[in-house]
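>>> Show me how the following folds:
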Amino acid sequence: MSKNPILVECEERFDKSVSHLKHQLVSIRTGRASAALVENIRVDYYGTMTPISQLGSISIPEPRQIMIKPFDAGILKEIGRAVAKADLGAAPQDDGKLLRIELPALSGDQRKKYAAKVKELCEEARVALRNGRRDSNKAADAEKKEGNLTEDENHKLHDDIQALLKDYEKRVDDILAAKSKEVLED
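I've put the predicted structure just below:
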């Protein structure tokens, strides 16, 4: 027996919500340097806002240092301005060929602030999951009303959607625990 299309669509929507959460969390700073902190910062490159990841190579030579080597040396100053605007808590240093960003150690207050942001983003993901459940339940009820589902099939579909929601909420909880631990540890 194949899965109900409503359940399949619900699962796809839940996957997108969790993927979006993971994408958002990559840019939250932890105690260590990560290319993800700068790769999506947009730079004005000949009139087009372009992510740094497309303008140069990003490397992590030391645990608290990010190095950006642009493919076109002429864009170095623009990259430096964009990184400074991104407010990473560190000023980029330009040596004419590449950009170095020395990330200072996070204070306890900064760590708590970042942990609160992680919690907020995870709560937004949970709300998105619940909205997906609501929409899927409405679709199931509409199918029942049209006569495409029996009362029992509709009830089972609601139960399956709820079970799916619980599974994805657990994933969000696991992501929250892992990222919070990463942010709060030295």
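
>>> can you tell me how far Tyr45 sits from Leu76?
Computed with Cβ to Cβ, to the nearest Å, the distance linking Tyr45 and Leu76 is 12 Å. C-betas here are computed from N, CA, C, even on glycine.

>>> Arg134 too?
To Leu76, Arg134 is 49 Å away according to Cβ to Cβ.

>>> how about stretch 40-59 as CSV, C-alpha atoms only?
Taking C-alpha atoms only, stretch 40-59 is exported to CSV below (Å, rounded to 0.1, in the frame of the first residue of the first chain):
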residue,chain,number,x,y,z
ASN,A,40,26.6,33.8,2.5
ILE,A,41,27.6,37.4,3.3
ARG,A,42,26.7,39.4,0.1
VAL,A,43,29.1,41.7,-1.6
ASP,A,44,28.3,44.3,-4.3
TYR,A,45,30.3,42.8,-7.2
TYR,A,46,29.9,45.0,-10.3
GLY,A,47,26.3,45.9,-9.3
THR,A,48,25.2,42.4,-8.3
MET,A,49,24.9,41.2,-4.7
THR,A,50,27.0,38.1,-4.7
PRO,A,51,27.8,35.7,-1.8
ILE,A,52,31.5,35.6,-0.7
SER,A,53,31.6,31.9,-1.4
GLN,A,54,31.3,32.7,-5.1
LEU,A,55,33.9,35.4,-5.0
GLY,A,56,36.8,33.6,-3.4
SER,A,57,38.0,30.7,-1.4
ILE,A,58,37.3,30.5,2.3
SER,A,59,39.6,28.6,4.7
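
>>> where's it relative to the chain centroid, distance-wise?
Computed by Cα atoms, centre = their mean, to the nearest Å, the chain-centroid distance of stretch 40-59 equals 19 Å.

>>> Stretch 99-109 too?
Counting by Cα atoms, centre = their mean, stretch 99-109 comes out at 21 Å from the chain centroid.

>>> list the buried ones in that stretch?
Neighbour counts over stretch 99-109 (16 or more other Cβ atoms under 10 Å) mark 99, 101, 103, 106 as buried.

>>> Next: stretch 33-49.
33-39, 41, 43, 45.

>>> again with stretch 155-162
For stretch 155-162, burial by neighbour count (16+ other Cβ under 10 Å) applies to 157-158, 160-161.

>>> swap in stretch 86-99?
Buried residues in stretch 86-99, counting neighbours by 16+ other Cβ under 10 Å, are found at 86, 88, 90, 92, 98-99.

>>> Tell me which stretches of the chain form helices.
In the chain, the helices defined using DSSP state H lie at 5-26, 76-85, 108-145, 151-184.

>>> Return the most buried member of those.
When the helices of the chain are scored by mean count of other Cβ atoms under 10 Å, the highest mean neighbour count falls to helix 76-85 (a mean of 18).

>>> what's that helix in contact with?
The contact list for helix 76-85, computed with Cβ atoms under 8 Å, 6 or more residues apart in numbering, reads 38, 41-45, 52, 55-56, 68, 70, 91-92, 94, 96-99, 101.
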